[in-house]
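Asks: I need the structure of the sequence given here:
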Amino acid sequence: MAEKELIIREKLEHSGIFNFSDIYAYAYRWLSDEEGFGVTEEKYSEKVAGGAREINIEWVAGKNISDYYRIELRLKLELIGLTDVDVEIEGKKKKMNKGKISIDMKGILIIDRESKWEATPFLRFMRDLYNKYIVPQRGHDFRMEVIRISKDFRDYIKSVLELTGKR
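Replies: Numbering: from 1, shown residues only. Modelled structure (predicted):
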């Protein structure tokens, strides 16, 4: 089994007015088009109570960065008390959403992604030697890449929320 190392965990919360469908599309587009991740929606649930909705979404975004390493982002989006509101922006009425959005993200580095070095105890020993003494800088560089991507994603979504919430 491949070794998964949790590198970073980020949490973003926002309450107020925003456009959920835009945030959903922007997040997907940023991960797939800008960073080259394959994005899979593992869970989508929606509950309606009165006029408010509660939505839970889980995404797994993965990208192979070498034959040996893979970056994976696990995202949980939770929307509470989501209601539709009409907002006037520059004299034009626009449908938006009001509620609380919470995004929990884990940045994970997967080492030996195809588990080629797991067949025997000797191969596991050789993998550990390889990671510790032959390519330690490469592993460090990929860990830094996971942190960079995670923080860039957080900052991007934060800026989208601030732009739509303060008009």
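
Asks: what's the spacing between L12 and E5?
Replies: Per Cβ to Cβ, to the nearest Å, L12 is found 22 Å from E5. The way it works is simple: take the backbone N, C-alpha and C, and place the C-beta from them, glycine included.

Asks: more neighbours, the two?
Replies: Between L12 and E5, counting by other Cβ atoms under 10 Å, L12 is the more crowded of the two (16 against 13).

Asks: can you give me the helices for the chain?
Replies: 20-29, 121-129, 136-165 (DSSP state H).

Asks: what's the local residue count around E72?
Replies: Residues contacting E72 under the criterion other Cβ under 10 Å number 18.

Asks: can you check E162 too?
Replies: 12.

Asks: I157: neighbour count?
Replies: Neighbour number of I157 under other Cβ under 10 Å is 22.

Asks: what sits against it?
Replies: By Cβ atoms under 8 Å, 6 or more residues apart in numbering, the residues touching I157 are L12, I23, Y26, A27, I103.

Asks: K76 is nearest to which of the helices of the chain?
Replies: Taking Cβ to Cβ, helix 20-29 is the member of the helices of the chain nearest to K76, at 12.2 Å.

Asks: how far does that closest one sit from its chain's centre?
Replies: 12 Å (Cα atoms, centre = their mean, to the nearest Å).

Asks: now that helix and helix 136-165, what's the angle there?
Replies: Angle of helix 20-29 versus helix 136-165, following axes from the mean of the first three to the mean of the last three Cα atoms, to 10 degrees, is 160 degrees.

Asks: so where's this structure uncertain?
Replies: The chain contains residues with pLDDT under 70 at 164-167.

Asks: make CSV out of the helices of the chain and add distance to M1.
Replies: Shown next, in CSV, are those (distance: least, Cβ to Cβ, whole Å):
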stretch, distance to M1
helix 20-29, 29
helix 121-129, 11
helix 136-165, 18
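
Asks: on that earlier part again, which of the contacts of I157 has the largest number of neighbours?
Replies: Of the contacts of I157, with other Cβ under 10 Å as the count, I103 tops at 23 neighbours.
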